[in-house]
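[1] Pasting the sequence and the predicted model now:
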Amino acid sequence: MLFFLLFLGFLQGLTEFLPVSSSGHLALFQNMPFFQLYTDQIGRAGMFSYDILLHFATLLSILFYFARDILQLIQGFLQYLVGKRNQDSRLAFRLALLILLANIPVFIIGLFLKDYVESAFEALLPIGIFFIVNGLFLFSTAFAPKREIKMHDMGWFRALVIGLFQAIAVLPGISRSGSTIGASFYLGIQPSDAARFSFLLGLPPIAGAALLEAMKVAQKGFVIPYAFEMIMGMVVAFITGLAALRLLVWLVSRTILYPFGIYTFLLGLGVIVYTFIQ
């Protein structure tokens with residue numbers, strides 16, 4: 001059981017930030033017969049509780065890695081509100097508004113289309129198709145135009161387009177980081193700023209989704225049947241998440257996303273073939 005829970009922590013930390021879709025990978029494993037052997041032992045309530053813990057661990061990874069950016073954003077936003085309106089506070093306030101604007105599409109989907117989206121997680125075929133779509137999009141970013149626009153200069157239209165791509169990534173197999181960073185490339189945003197905006201943009205929905213799921217689980221009571229093993233899984237998810245963040249930021253700075261495109265494309269093909277031969 002320890003190996004299984006550590007593996008889930010590793011998988012969550014690795015796929016949450018790399019552009020390969022954590023939701024797609026988890027949905028893929030949950031549809032595999034061998035997965036049920038372990039989940040039946042833990043129980044449905046225990047798996048829900050562990051899922052919340054892993055998402056909390058990866059959320060901590062973002063907060064830790066981008067701590068300076070987050071603190072500067074909050075500090076500048078508050079300074080602007082209280083009247084200390086220098087250049088830094090104006091930029092921070094503007095960036096905060098762009099992040100809020102870009103998150104409108106994903107929150108609309110969360111409110112009105114949640115049941116339809118969740119149904120896509122119940123079958124392997126759509127997951128395979130979405131993996132292929134994700135792979136083709138990531139591979140295409142190698143041909144995106146030159147990128148010179150800074151994050152603070154992107155404007156409301158670019159922010160909203162990136163937000164729309166983030167909303168599409170609620171589907172299993174479509175990567176949130178890959179969609180938003182890839183869209184930023186096509187919109188001409190500098191690679192390093194594309195990565196920063198992607199993860200700052202992802203903080204509200206990631207935190208909001210974890211909070212909503214935690215509230216649902218709390219109503220029925222948290223169930224942690226393997227406390228030590230689950231805590232170790234959280235540690236693995238946190239450390240792996242930090243490593244994945246560092247790796248992705250390094251790759252994005254060099255505009256290298258196509259290897260992940262090849263991987264998810266081949267994975268999608270494999271999933272589709274599996275659905276027809278099983």
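    Sure, I can see it. Numbers count the residues shown, from 1 in each chain.
[2] Give me the local confidence score for Gln219.
    Gln219 is assigned a pLDDT of 68 by the prediction.
[3] immediately after the lowest-mean-pLDDT helix or strand in the chain, which helix or strand?
    When the helices and strands of the chain are compared on mean pLDDT, DSSP states H and E, helix 114-119 comes out lowest with a mean of 64. As assigned by DSSP states H and E, the chain's next helix or strand after helix 114-119 is helix 124-140.
[4] what's the average pLDDT for that next one?
    The model assigns helix 124-140 a mean pLDDT of 92.
[5] With stretch 252-270 instead?
    pLDDT averaged over stretch 252-270 gives 91.
[6] residues near Ile174, how many?
    By other Cβ atoms under 10 Å, 24 other residues sit near Ile174. Every C-beta, even on glycine, is put in place using the N, C-alpha and C of the backbone.
[7] Could you check which helix or strand contains it?
    Per DSSP H and E, there is no helix or strand for Ile174.
[8] was I right about it contacting Leu136?
    No. Using Cβ atoms under 8 Å as the test, Ile174 is too far from Leu136 to be in contact (11.2 Å).
[9] Report the contact partners of Ile174.
    Ser21, Gly24, Phe130, Val133, Asn134, Ile168 (Cβ atoms under 8 Å, 6 or more residues apart in numbering).
[10] Also Met234?
    Gly9, Leu53, Leu54, Phe56, Ala57.
[11] hmm, try it at 6 Å
    Leu53, Ala57 (Cβ atoms under 6 Å, 6 or more residues apart in numbering).
[12] Give the next helix or strand downstream of the helix or strand hosting it.
    Following DSSP H and E, one finds Met234 within helix 227-253. The helix or strand immediately downstream of helix 227-253 is helix 258-277, counting by DSSP H and E.
[13] what's that next one packed up against?
    Where contact means 3 or more Cβ pairs under 6 Å, 6 or more residues apart in numbering; DSSP states H and E, helix 258-277 is packed against helix 124-140.
[14] And the helix it packs on, what's buried?
    124, 126-135, 137-139 (16 or more other Cβ atoms under 10 Å).
[15] I'd like those residues as CSV, with distance to Tyr263 appended.
    What follows is the buried residues of helix 124-140, written out as CSV (distance: Cβ to Cβ, whole Å):
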residue, distance to Tyr263
Leu124, 18
Pro126, 19
Ile127, 15
Gly128, 14
Ile129, 16
Phe130, 14
Phe131, 9
Ile132, 11
Val133, 14
Asn134, 10
Gly135, 7
Phe137, 13
Leu138, 9
Phe139, 10
